[in-house]
Structure formats: structure tokens, C-alpha cells
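**Student:** need coordinates for the below:
(2 chains)
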Amino acid sequence: MIRIDGIGKSFGEVRAVDSVSFTAPDGRITGLLGPNGAGKSTTLRMLYTVLQPDRGTAFVDGHDVREAPLGARRAMGVLPHGTGLYPRLTARENIAYYGRLNGMRGPHLARRVDLLVDMLEIGEFVDRRAKGFSQGQRIKVALARAMVHDPRNVVLDEPTNGLDVMATRALRELIRKLKAEGRCILFSSHVMQEVSALCDDIVIIAHGRVVAHGSPAELRERAGEDDLEEVFVRAIMSAEGAP
Amino acid sequence: MMRGAWTVFLKESIDNLRDRRAVMSSLLMGPILGPAIFAVAMTAVLTITAGQLEKPLEMPVIGGEHAPNLIAWLEQRDVIILDAPADPEQAVRDGDHHVVLIIPASYDEQFRAGTPASVRMMVDRSNRKAQANINRARGLLNAYGETIGRLRLIARGVSPAVVNAVAIETDDLASPEARAALILGMLPYLIVISMLMGGFYLAIDTTAGERERGSLEALLTTPLTRGALIGGKLAATFAFSVLALMLALVAFYLVIPLVPLDRVGMIINFTPWMAMQIFLVNLPFALFGAALLTVVAAFTRSFKEAQTWLSVVLFVPMIPTFVILILPFQSATWMMFVPSLSQGALVNQVIRGEALDLIQVALSWGTTLLYGFALGALAARLYRREAVLG
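**Tutor:** Numbering: from 1, shown residues only, chains lettered A, B, ... in the order given. Now for the predicted structure:
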């Protein structure tokens, strides 16, 4: 479970994230939706401890990201914005490297990698060097890398960026599989259709604040609007109206 | 923490061993090419300076029949007496002959009368290559004149010693090894360069390269402290520097016996024990160099930028080498506080076959390691900042 509690961050004069609070429970997919520059990535980067929050904090399975960043990172698998692989290592070596960094060794690690290779269907190229992989292949390997230590919580920052239709579909299937295993999934996107097709809960962010939060049905009901896109646009507009 | 650093170390080492360009530059260009160039340059220099001394002096003589005793005396001293060329002046000017000796007809008469018998040397002083032979010919003629002069004094019942009002003796303190060391002065620089070249690509690839590839952010989400991360990366760069140092020493060990140092009367015994001493003296510099390269590379934004800056770093250790060239036989204590200068001075001592002062070695080790660790800590600090993500 991920709980974000009044988190905020400024870069100089700019308040990239004003104050964001929400909870992403286990066994559900939570979508972080917002226009470009709304503060989605900055929120997630504070969550996965690459940035230090100025205000508030976040908890991953009870680990405070400020007090116990190593514990929080151990409880979390992260697919950050860039999915840089090491081009001179094979996909398998890329995945196993992260396993070792998480303290896994020997047959235990090998079995876990084999399992991920099957689950993500990357057997065809897993022993090839990562140089020259397609974007879809890279995302899959990066996801396997993030999942290697079997984390309860999975954080994905705009994972479908640059993927074609088939790859996007495959990724959606995967995310559903992870949810079925009882994990907590938190992912960000600026594409409304993407979020509505996949998420159990939606957190809409604009100008560094949460402007709406609920299941797609709840959001529609609250706004008295059948079209989720209208809900999204209105939520953002209202945030712009407010100071 | 140690396990994490070890994992990073292994990955960076394997990753870079697979990079052909990195291996070429770390383990081939620096450690092998340096000694090769060194050997070729040294052999060329020695062949030019030693070549003329070694060959017997060839000297055309005009009017040799006027001084048969002088000619016989010269021939005894391995001078090859040639017939005069058709146009002696032109021959000297063209450099065909360095010295042409002219004995005028008046020689015999003057010699008998006991007045100075004049001979003439036709030379071209502007010809650099001729200098050695001109000096040899002049030395031989002076020696002949002195010998005859002494015999005449003895014949007149005077001790030859009276003409020597001042006796000049020169004690050449340079042992043959020390003379060789003067020429070998570039060796410390080549060793330092090979270490820096060894770590060059790794320092870039593990910092600026990792950032440019976009793999740094994901790496920072693993449960690994930043200290362990930079420690592992530094250790990999250090290991490649040490590997390059070992290769360079092996290469020098194989190459130095091929350099014809004995031609100029120099002896240099590059023993395995000396190679070992040089290795130990330079070991802390490998750490210092790795930390320096990593810090500079960590400040840069891209692979290219890092390459530009690190090329500048390669020239920095050259500056102390100039000091060694100016003060070749000194290893003052203050030098021990300057990395690369202290290693250079100590390496020179080893090459000269002198015993190392253990206090100086300890100072060199201590200070170089201290700077190395300080730079390593600075690199770790850079990685703790958020700006490291760029």
C-alpha cells in the first residue's frame, strides 16, 4: 500500500508540487492523471526517493520515504520515465543485475528471472544484448527489472509512452496480472482513455494539487457527467480558476 | 553495503570489458603503445649519438708523405686514412667527409727545427653531425703534439711536469645507471598516463554515460546506498587503472632490454624487483587518478563533454614531470606531498638503482591516498545531490 501525505516540492520559485495526498491500496490499480507539467512525475520521483520532498512525506508499506528510504525502495518496483538499459548486457543480465542489487543470489535469482521471462514473454530475445531493442522490448525488460525482487508495490511513470497499439495492449494485460496477484499498482499518464480503461481509482492532479479522486463511476456521478473526458477537463478547469 | 558495491563493481567491469573501444584505449593504447613509442624514440636517439662514436674515424689526408710518423701514429689509434678527394673543400661542404687533414710540405722542416709544425684541419662547423668527429680529430692531433713535446723536454733533461701549471681532473659522479636515468626521465610520466588512460573510459561510462543512457534514475530506485553505488563504480575504474599499470610495467620490462643503452655506456637492470617497487609506489596514484577522473566526469552532462574535460585532466600530471626534468636527481621531501610528482621522483630513484627512503614512500602513499579518498568523498556527495539526475 502506498500512502502519500501532503507531499510538496519547489524548484526555486516554482512550486512543482504544492500538496498532494492520496492512498493507493493493495489489489487495485490507481491512476495518476493530469496534463503535462501538473506534477505527476515530480510526485512519483519523491515517492521513489530520487527527489527529497520539501513538505509532507509518503509511506510504502509503512516505510517513510524520508526516514527509511532503503526500506521504501525495497518494498517497491519502479519503472521510471526513462527506461535506460545497459546496451552491452543481455536482457537477462540487465534483469539479474537489479536482482543482485536487491540482495538476491544464485538459483533463487535464476528461478525468479525465468519466471519473469515467461510472464512477460521475452524469452525470444532475453539472451540478446539490449543494444537495438525496440521500445516495446525495452519496456518489457525494464518492467521485468523492476519486478525482479517481487515487490508488493509497483510504480510506473507513463509506461505506455512510445508504445504501439499491440505493445500497449500487452502492457495493460500485464498490469492487470500484477493486480490479480494482489499488488498495489500506481501509474501515471496524461492520456485519459488509458487511465479509464485500466484503473480502479483515478487521482486527477492539476497545478501540483489533487483536484479529484475516486473510481471512474464515482467521478462521473459526482460531476453529473457521463463522459469521463468531460470530468477530467472540468476538474482541470476548476483548478485553474482557483488561485 | 559492501555486497552492493561489489555487485556494481562486477557489472561495471564486465560491461566495460565488452566495450571494444574502452578496452582498446584502456588496456592497449596507454600501457602498450607508451612503452613501444618510448623504445623506438630511445633507440633512435641512442643510435644517432652513439653511432658516430662507435665507428672508426675516417679522415682523408693531403700531404701524408710529409709526416709518415704522424700517419702511423693515427693508424695505430684506429683512424682510417683515406686518399684525398678530388675537391676536398666541396667534399667537406657536402658532408661527405667531416674532417680533411692537410699537411703542408713545410711540416717536416718545421718539425725537425723544433718550431711548431703546422697542420690544417678542413672542417664545416655548421654541420652538426660532424661535431663529434671534429672533436675526435682535434683530440688525437693534440695528443700527438703533447706526446712529442714531452719527449723533447725529457731529451733536454726537463721534467714534462713543469709545463703543467694546473692539472685538471674531472670526477664524473654519474654512475652509468644515473646517466641512463636522465634519458629515462620520461618513464614516470608514461606510467602515470597509462594509469589514467586505464580508467578513462570507465570513469565516463559509469557516470556521464549512465546518465546519458537514462539508466541512472532506475538504478537509484534500487535499495542501494549512494555511497555503495559510487564506491562500486570507483572500484571498477581503480581496477582498470591498476590493470593498465601492470600491463605497462610488463611492457617496459620487455622493451627496456631492447633499447641499446649499452652503446653509450649505460647499464640499466630493469629487474622484476624494480618493476614491483614501481608498482607499489604507483598503486595509490591509481586510486587518486580514478577518483579524480570520476569527480570530473560526474560534473559533466554528457559523454562528449566528459571526454573533453578528461582529456585536459590527462595533461595535469605532465606539469610535475617538468619539475623532475629540471631537478632530475632530487627527491626532496616537499615533492612527496604532490601526487604524480612524488611517484615520478620515487620511480626515478628506483630506476637509478638507489634505495628508497621509506619515510618518503610513506609520505607519498599517505598524501596521495588522502587526496584520493577526499575526491572519492566528493564524488559520493555529488551523487547524493538531486542534481545528479540532470
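**Student:** what is the neighbour count of residue A:29?
**Tutor:** Applying other CB atoms under 10 Å in any protein chain shown, we find 23 residues neighbouring residue A:29. Just so you know, the C-beta spots here come from the backbone N, C-alpha and C atoms, and that holds for glycine as well.
**Student:** state the distance from it to residue A:126.
**Tutor:** 26 Å (CB to CB, to the nearest Å).
**Student:** for chain A, give me the ranges with low pLDDT.
**Tutor:** A:240-243 (pLDDT under 70).
**Student:** again, 50 this time
**Tutor:** Within chain A, the segments meeting pLDDT under 50 span A:243.
**Student:** all helices of it, in order?
**Tutor:** Counting by DSSP state H, chain A has helices at residues A:40-47, A:69-74, A:91-101, A:106-120, A:135-147, A:165-180, A:192-198, A:216-223, A:228-241.
**Student:** show me where the stretch 1-150 of chain B has strands.
**Tutor:** Per DSSP state E, counting those that start in this stretch, the stretch 1-150 of chain B carries strands over the ranges B:58-62, B:80-83, B:99-102, B:120-123.
**Student:** what lines up beside the third one in the sheet?
**Tutor:** Put plainly, it is strand B:99-102. The pairing partners recorded for strand B:99-102 under DSSP bridges are strand B:58-62 (parallel), strand B:120-123 (antiparallel).
**Student:** quick check: mean pLDDT across that strand?
**Tutor:** Across strand B:99-102, pLDDT averages out at 90.
**Student:** mind listing what's buried in it?
**Tutor:** For strand B:99-102, burial by neighbour count (16 or more other CB atoms under 10 Å in any protein chain shown) applies to B:99-102.
**Student:** of those residues, which is the nearest to chain A?
**Tutor:** Distance ranking of the buried residues of strand B:99-102 against chain A, using CB to the nearest CB, places residue B:99 first at 65.6 Å.
**Student:** so that closest one sits against residue B:121, correct?
**Tutor:** Yes. Judged on CB atoms under 8 Å, residue B:99 makes contact with residue B:121 at a distance of 5.7 Å.
**Student:** could you tell me which residues of chain A lie near chain B?
**Tutor:** Proximity of chain A to chain B (CB under 8 Å from any CB of the partner chain) is limited to residues A:45, A:48-52, A:70-71, A:73-74, A:76, A:78-89, A:93, A:97-98, A:100-103, A:142, A:145-146.
**Student:** narrow the residues you listed to those that are buried.
**Tutor:** Neighbour counting with 16+ other CB under 10 Å marks A:45, A:48-51, A:71, A:73-74, A:76, A:78-89, A:93, A:97-98, A:100-102, A:142, A:145-146 as buried within the residues of chain A next to chain B.
**Student:** what sits up against stretch B:366-386?
**Tutor:** With CB atoms under 8 Å, 6 or more residues apart in numbering or on different chains as the test, stretch B:366-386 has contacts from A:50-52, B:226-227, B:229-231, B:234, B:284-285, B:287-288, B:290-292, B:294-295, B:298-299, B:336-339, B:342-343, B:388.
**Student:** returning to what we had before: out of the helices of chain A, deepest packed?
**Tutor:** With neighbours taken as mean count of other CB atoms under 10 Å in any protein chain shown, those reach their highest mean count in helix A:40-47, at a mean of 25.
**Student:** picking up where we left off before, which neighbours do residue B:99 and residue B:121 have in common?
**Tutor:** Listed contacts common to residue B:99 and residue B:121 are B:134, B:137; contacts here mean CB under 8 Å, 6+ apart.
**Student:** separation between residue B:283 and chain A?
**Tutor:** For residue B:283, the distance to chain A (CB to the nearest CB, to the nearest Å) stands at 28 Å.
**Student:** ok, and the closest non-adjacent residue to the spatially most central residue of chain A?
**Tutor:** Residue closest to the average C-alpha location in chain A (CA atoms, centre = their mean): residue A:156, at 1.9 Å. Setting aside the residues directly before and after it, residue A:156 is nearest to residue A:187 in space (CB to CB, 6 or more residues apart in numbering or on different chains), at 3.9 Å.
**Student:** the one you found contacts residue A:174, doesn't it?
**Tutor:** No. Between residue A:187 and residue A:174 there is no contact under CB under 8 Å: 11.4 Å.
**Student:** ok, residue 10 - how many residues close by?
**Tutor:** Using chain A. Counted with other CB under 10 Å, residues neighbouring residue A:10 total 14.
**Student:** to clarify, I was referring to chain B.
**Tutor:** 15.
**Student:** what about the closest residue to residue B:368 other than its chain neighbours, which SS state?
**Tutor:** Nearest non-adjacent residue to residue B:368, counting by CB to CB, 6+ apart: residue B:284, 4.0 Å away. Using DSSP: H, G, I helix; E, B strand; the rest coil, the structure places residue B:284 in helix.
**Student:** what's the burial count for residue B:284?
**Tutor:** For residue B:284, using other CB under 10 Å, the count is 21.
**Student:** how about the strands paired with strand B:99-102 in a markdown table, adding mean pLDDT and mean neighbour count?
**Tutor:** Conversion of the strands paired with strand B:99-102 to a markdown table gives the following (pLDDT from 0 to 100; neighbours: other CB atoms under 10 Å in any protein chain shown):
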| stretch | mean pLDDT | mean neighbour count |
| --- | --- | --- |
| strand B:58-62 | 89 | 19 |
| strand B:120-123 | 89 | 16 |
